[in-house]
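Participant: structure, please.
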Amino acid sequence: MANTMTISKEKKEARIVSVFIYAFLILLAIIYILPLLWVVITSLKNDNTLMLSPWAMPEHIEWGNYSFAWTKGHLGTAMLNSLIVCGTTLIVSMLFGSMAAFAIAKLRWKLSKIAMYYFLIGMMIPIHTILIPLFVQFSGWGLSNSLIGIIIPYITFSLPITIYIMVGFFEGIPNELFESACIDGCSVYKMFGTVAIPLAKTGLMVTGLMSFVANWNELLVAMVFISNEAKKTLPVSLTKFVGPYHTNYCQMFAAIMIAIIPTIIAYVAFANQIVEGLTAGAVKG
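Facilitator: Okay, the predicted model is just below:
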């Protein structure tokens, strides 16, 4: 009888804890979703309605804000430029970053720790601190007004965090797997491609999302390096909606919604896989 009462008491306590956890998560979700919802609602208003009642629902839905933002803001060209820049940065940084991380974590060579410290130092240097000398150098090379001129800095500053995270994932893979692959005749390159990468795909997704979102939202470097209207990225194009004497906020919010759609798609597409990978890793541990 006493055991039954103890079990029922533990179940009640567990339910109370679950209620508090779910209440906290719901509150957190509301805090994150409400600003985005307000931006969506505002993007469907006109400026007069926004100024008179900023929190009210729109009386008439202004779909023209989106067409204006897309055509007058040249967001199509800007989005294509951002996709080229971020896609190239993502592929190159993940490829070379994972290769360097595998060499540091699993290969035996004297300078592996020094190489790791070197990349960690790269994480401590903000890209904006070397903006002026970088611009002067790239101007001399003729790269100051081209997409490659911002792709190179993006790759350089994406590599340290990619290597740092991937080293942790590769170190979590048992050495026995690589020893077995080596006995079966696998080369280093084949072990990297067939053993290391499939087992560390969660790390690739995490670093890929971080790199994509960070470079997609980067403004200062793109603004300094790119002056040609046809080469501007999406964050730079958004600045055209803010004028010195007048700002159309509703059209600006429509442009912001267009700009954040790719990042939302990326999170929706890969969030479940990341959570499943992290959960599997926790269960194995």
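
Participant: gap between residue 19 and residue 28?
Facilitator: Distance, residue 19 to residue 28, by Cβ to Cβ, to the nearest Å: 15 Å. Where you see a C-beta, it was placed from the backbone N, CA and C, and this is true even at glycine.

Participant: residue 81: neighbour count?
Facilitator: Burial measure for residue 81: 22 neighbouring residues, criterion other Cβ atoms under 10 Å.

Participant: for it, what are its contacts?
Facilitator: By Cβ atoms under 8 Å, 6 or more residues apart in numbering, the residues touching residue 81 are 147, 231, 232, 233, 234.

Participant: that one sits in which helix or strand?
Facilitator: Per DSSP states H and E: residue 81 is located in helix 75-106.

Participant: pLDDT below threshold where in this protein?
Facilitator: For the chain, applying pLDDT under 70 flags the ranges 1-10, 243-246, 273-285.

Participant: could you pull out the strands for it?
Facilitator: Taking DSSP state E to define them, one finds no strands in the chain.

Participant: which residue ranges of it form helices?
Facilitator: 2-43, 47-52, 64-72, 75-106, 112-124, 131-141, 147-171, 175-183, 188-191, 197-199, 201-216, 220-225, 234-238, 249-284 (DSSP state H).

Participant: of these, flag the one that's most buried.
Facilitator: Most buried of those, by mean neighbour count (mean count of other Cβ atoms under 10 Å): helix 234-238, with a mean of 23.

Participant: and it, what does it pack against?
Facilitator: helix 75-106, helix 220-225, helix 249-284 (3 or more Cβ pairs under 8 Å, 6 or more residues apart in numbering; DSSP states H and E).

Participant: with distance to residue 154 as extra columns, can I get the ones you listed in JSON lines?
Facilitator: Below are these laid out as JSON lines (distance: least, Cβ to Cβ, whole Å):
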{"stretch": "helix 75-106", "distance to residue 154": "4"}
{"stretch": "helix 220-225", "distance to residue 154": "8"}
{"stretch": "helix 249-284", "distance to residue 154": "16"}
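
Participant: between the ones you listed, which gets nearest to residue 50?
Facilitator: Ranking the helices and strands packed on helix 234-238 by proximity to residue 50 (Cβ to Cβ) places helix 249-284 first, at 5.9 Å.

Participant: so which of the helices and strands packed on helix 234-238 gets nearest residue 153?
Facilitator: Taking these one by one with Cβ to Cβ, helix 220-225 is closest: 5.9 Å.

Participant: return the distance of that closest one from the chain's centre.
Facilitator: Mean-position distance between helix 220-225 and its chain equals 19 Å (Cα atoms, centre = their mean, to the nearest Å).

Participant: stretch 132-146 too?
Facilitator: Relative to its parent chain, stretch 132-146 has a centroid offset of 26 Å by Cα atoms, centre = their mean.

Participant: ok, stretch 152-170 next?
Facilitator: The chain centroid and the centroid of stretch 152-170 are separated by 13 Å under Cα atoms, centre = their mean.

Participant: equivalent analysis for stretch 160-171, please.
Facilitator: 16 Å.

Participant: cool, and stretch 15-30?
Facilitator: Here stretch 15-30 is found 27 Å from its chain centre; the criterion is Cα atoms, centre = their mean.

Participant: figure out which of the helices and strands packed on helix 234-238 is closest to residue 62.
Facilitator: For residue 62, the closest of the helices and strands packed on helix 234-238 is helix 249-284, at 6.6 Å, according to Cβ to Cβ.

Participant: any idea which of the helices and strands packed on helix 234-238 gets closest to residue 188?
Facilitator: Checked against Cβ to Cβ, the stretch from the helices and strands packed on helix 234-238 lying closest is helix 75-106, at 8.7 Å.

Participant: and the closest one with helix 147-171, angle?
Facilitator: Angle, helix 75-106 to helix 147-171, by axes from the mean of the first three to the mean of the last three Cα atoms, to 10 degrees: 40 degrees.

Participant: could I get the helices of the chain in CSV, plus columns for distance to residue 58?
Facilitator: Conversion of the helices of the chain to CSV gives the following (distance: least, Cβ to Cβ, whole Å):
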stretch, distance to residue 58
helix 2-43, 7
helix 47-52, 6
helix 64-72, 10
helix 75-106, 22
helix 112-124, 44
helix 131-141, 41
helix 147-171, 37
helix 175-183, 58
helix 188-191, 57
helix 197-199, 48
helix 201-216, 28
helix 220-225, 32
helix 234-238, 22
helix 249-284, 9
